[in-house]
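J.: Here's my sequence, what's the structure:
(one chain, ligands or ions: 3)
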Amino acid sequence: MLLPQINDPKQLKSLSVDELTTLAEEIRRFLIEKLTATGGHLGSNLGVVELTLALHYCYNSPRDKMIYDVGHQAYVHKILTGRQDRFDTLRKYQGLCGFVKRSESEHDVWEAGHSSTSLSAAMGMAMARDLKGEDNKVIAVIGDGALTGGMAFEALNHIGHEKRKLMVILNDNEMSIAPNVGAMHNYLSKIRSDRHYLRAKDEVEGLLKKIPAIGGRLAKTAEQLKNSLKYMMVPGVLFEELGFTYLGPVDGHDLEKMIDTFHQADNVAGPVLVHVLTTKGKGYKPAETDFYKSHAISPYKIESGQALKAVGPPMYTEVFGETLIELGREDSRLIAVTPAMPGGSGLFPFAKEFPDRMIDVGIAEQHAATLCAALAMEGMKPVYAVYSTFMQRAYDQIVHDICRHNANVMFAIDRAGFVGADGETHQGVYDVAFMRHIPNMVMMMPKDENELRHMMKTALEYNDGPIAYRYPRINGTGVAMDPELRTIPIGSWERLRTGEGYAVVACGPMVQVAEEAADLLKREGIQVGVVNARFLKPLDNSMLLDLAHAGTNMVVIEEACQAGSLGSSVLEFYAENEIYDARVHLMGVPDIFVEHGSIKEQRQETGLTVEALCARIKSMMALSAYNYKTTSSS
Ligand SMILES: Cc1ncc(C[n+]2csc(CCOP(=O)(O)OP(=O)(O)O)c2C)c(N)n1
Ligand SMILES: CC(=O)[C@@H](O)[C@H](O)COP(=O)(O)O
Ligand SMILES: [Mg+2]
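T.: Ligands and ions are numbered 1, 2, ... in the order given. Sure thing, here's the model as predicted:
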């Protein structure tokens, strides 16, 4: 076995291509076996085994900068750079990160998680290199999905203008998470599949080479002929026109061809784009046949690829997807828009019933938002189905094109709160803070999947502007579903329990935490109220006034950044209403990036637990008893 001996990429330099080929198979086996226990981005990593090997064989990381777009396909890079022994901890709490992570290794030079940043990073590193008078290589590996991201086009435009030396490796496996979409994808598919001009290109080049070595005019003509043929023959003419030298397409599983192509690329003075053709899930049948499932897979049975995950109540996402079909039947104006996440957002069933009303725009969150604004202004009822974290990309479009126009867009914000194994780049904890302060926005969060359904109905019936409902990446509570959907009065909170002097104001899954804490405290004779703050904007002003006027000690608990979310808005409310003696304690996500692990571990790390809430209530009681004693004795 070669793999156990490899703990530094330098060791690859002495291997033959045959040995590298053997090593590739060992790495493939390693990934398939390790990920049965940890899960992870199996398909993407199986597709880049040879590509990553060839990169580390030809170049000298970390002096040569290797930048992986999204970074979900960097497991092979991690295996080759001394982290094999940590793969049992992949995506686990305080274990190996599932994305590139600078704190893990000097070979990890650029972190991501969000797509389409690698070309901008490569441009920056190439520019810095040149300004410092250094001569290291700068290499970006970007997938065909990530290439649909707007940032990638911004960077291509700049790179082609600057013409600095750098290499872009386009890893084209024809897949995003779902099948890739868009005109760029179609263009790449044409290059992949249009064998006739690939063959003609070889024939013409062969012919030109056969012309006996002659000086002068004919050779020049031959060269001109080749240049004019380029527009037919060179498949990547689009990239050539943008200032790149296009090389390929090359088989991304053929080590020898890739090594040769990389050596060719080294002789190119300016930016070069190497178009590599790979198969997502390569070498593992279940992954090759079901690209979608194997993109981000949970622990699985090796023989079948079937997930081991225990089934529980349906995920909120599934309830969203099914309810959207009910609403879609009711209202033909409803149209779902997703930026490249049809599966993760639960839209495949809706697309099956309404194929022309589910629009996947590719990795284009900004475009998706403005598209929804225009759809709304033309009388449609668009649902912008998006992960909280990825919606961060569309902040200006939400302000400028949706809220300022008061466009009647529905936001279905999935993965709201902690997401678990994807870690800090994917936590959905900022959307309340960055949306509630935008005029005209209405925001809701259900306490369970049944309330989600009613919120979806409420949003559909609401015609006065943008309205959002946000829900977590967890199973529902298993609560019985009301057969009839109803609307919820805008801005109305729900008092679930009354208490004596203490109340918890909670939203989303924190409502269940509050209920469990109230049950525990009740056993100690402490009656704590629980309020379901299901509208994050507008707040329930009358309930807030009642709570303050009753002298209630409140805890606002939310799985969102404490700075700027629900808790902050409650404090603002009391200040604006000059209620200066309102006693409010905030429990939210503190001012840190919460890294990968389970959602349970992430809540423990940030103190969003039943135990912490009980402790908080008790310390507030102790404090008010102390205050009472000191004031009564003074
Ligand atoms: C801004 C943003 N939107 C969406 C995603 C979700 N996402 C992660 S990987 C991926 C597909 C990437 O496809 P590609 O670049 O072709 O990589 P592959 O997995 O095929 O190797 C998507 C949509 C993301 N990471 N970032
Ligand atoms: C790398 C990436 O951004 C996606 O693959 C993401 O990890 C999917 O998240 P879910 O598993 O929550 O759908
Ligand atoms: Mg791809």
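
J.: residues from the stretch 51-200 of the chain in reach of ligand 2?
T.: Residues of the stretch 51-200 of the chain lying close to ligand 2 (Cβ under 6 Å from any ligand atom) are 70, 72, 177. (Glycine included, C-beta is placed from N, CA and C.)

J.: what do you get for the stretch 301-450 of the chain?
T.: Listed as neighbours of ligand 2 in the stretch 301-450 of the chain under the rule Cβ under 6 Å from any ligand atom: 344, 415, 419, 422.

J.: at 5 Å what do you get?
T.: By the rule Cβ under 5 Å from any ligand atom, the part of the stretch 301-450 of the chain lying against ligand 2 is 344, 422.

J.: pLDDT below threshold where in the stretch 301-450 of the chain?
T.: For the stretch 301-450 of the chain, no stretch has pLDDT under 70.

J.: all strands of it, in order?
T.: 334-338, 358-360, 381-387, 410-414, 442-444 (DSSP state E, counting those that start in this stretch).

J.: Out of the ones you listed, which is closest to Ile259?
T.: With respect to Ile259, and counting by Cβ to Cβ, the nearest of the strands of the stretch 301-450 of the chain is strand 358-360 at 36.0 Å.

J.: who does the closest one touch, helix- and strand-wise?
T.: strand 334-338 (3 or more Cβ pairs under 8 Å, 6 or more residues apart in numbering; DSSP states H and E).

J.: 10 Å - rerun?
T.: Applying 3 or more Cβ pairs under 10 Å, 6 or more residues apart in numbering; DSSP states H and E, one finds that strand 358-360 contacts strand 334-338, helix 348-353, helix 365-377, strand 381-387.

J.: Need those in JSON lines (columns: distance to Ile32).
T.: Shown next, in JSON lines, are those (distance: least, Cβ to Cβ, whole Å):
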{"stretch": "strand 334-338", "distance to Ile32": "30"}
{"stretch": "helix 348-353", "distance to Ile32": "26"}
{"stretch": "helix 365-377", "distance to Ile32": "33"}
{"stretch": "strand 381-387", "distance to Ile32": "28"}
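
J.: Shouldn't Pro489 be within a strand?
T.: No: under DSSP: H, G, I helix; E, B strand; the rest coil, Pro489 falls outside any strand and is assigned coil.

J.: so how many other residues sit close to it?
T.: Neighbourhood size, Pro489 [other Cβ atoms under 10 Å]: 9.

J.: wouldn't it be in contact with Phe535 here?
T.: Yes: when contacts are counted by Cβ atoms under 10 Å, Pro489 is listed as touching Phe535 (9.1 Å).

J.: Now for these two: what residues contact both?
T.: Common contacts of Pro489 and Phe535 (Cβ atoms under 10 Å, 6 or more residues apart in numbering): Thr458.

J.: which residues does Leu544 contact?
T.: So Leu544 contacts 493, 505, 531, 533, 552, 554, 569-570, 573-574, 577, 579, 582, 584 (Cβ under 10 Å, 6+ apart).

J.: Which members of those are classed as buried?
T.: Using 16 or more other Cβ atoms under 10 Å as the burial test, the contacts of Leu544 include 493, 505, 531, 533, 552, 554, 569-570, 573-574, 582, 584 as buried.

J.: What about ligand 3: which of those residues touch it?
T.: Among the buried ones among the contacts of Leu544, proximity to ligand 3 is found for none (Cβ under 5 Å from the ion).

J.: Of these, which belong to helices?
T.: 569-570, 573-574 (DSSP state H).

J.: now, which of those residues sits nearest ligand 2?
T.: Ser569 (27.3 Å; Cβ to the nearest ligand atom).

J.: show me what contacts the closest residue to ligand 3 within the stretch 1-150 of the chain?
T.: Residue of the stretch 1-150 of the chain nearest ligand 3, by Cβ to the ion: Gly143 (3.8 Å). Residues near Gly143 by Cβ under 10 Å, 6+ apart: 44, 47-48, 68-70, 72-73, 115-116, 118, 149, 169-173, 175-176, 180, 278, 280, 363.

J.: go again using 7 Å as the cut-off
T.: Residues counted as contacts of Gly143 (Cβ atoms under 7 Å, 6 or more residues apart in numbering) are 69, 171.

J.: again, but for Ala518
T.: Listed by Cβ under 7 Å, 6+ apart, the contact set of Ala518 reads 497, 504, 528, 530.

J.: got the phi/psi numbers for the first one?
T.: For Arg497, the backbone dihedrals (degrees, to the nearest 10) come out as phi -150, psi 150.

J.: so how far is ligand 1 from the residue nearest to it when sequence neighbours are not counted?
T.: Spatial nearest neighbour of Arg497, chain neighbours left out: Val530 (4.3 Å); criterion: Cβ to Cβ, 6 or more residues apart in numbering. Separation of Val530 from ligand 1 (Cβ to the nearest ligand atom, to the nearest Å): 36 Å.

J.: what residues are up against Val530?
T.: Applying Cβ under 7 Å, 6+ apart, we find Val530 in contact with 496-497, 503-504, 506, 514-515, 518.
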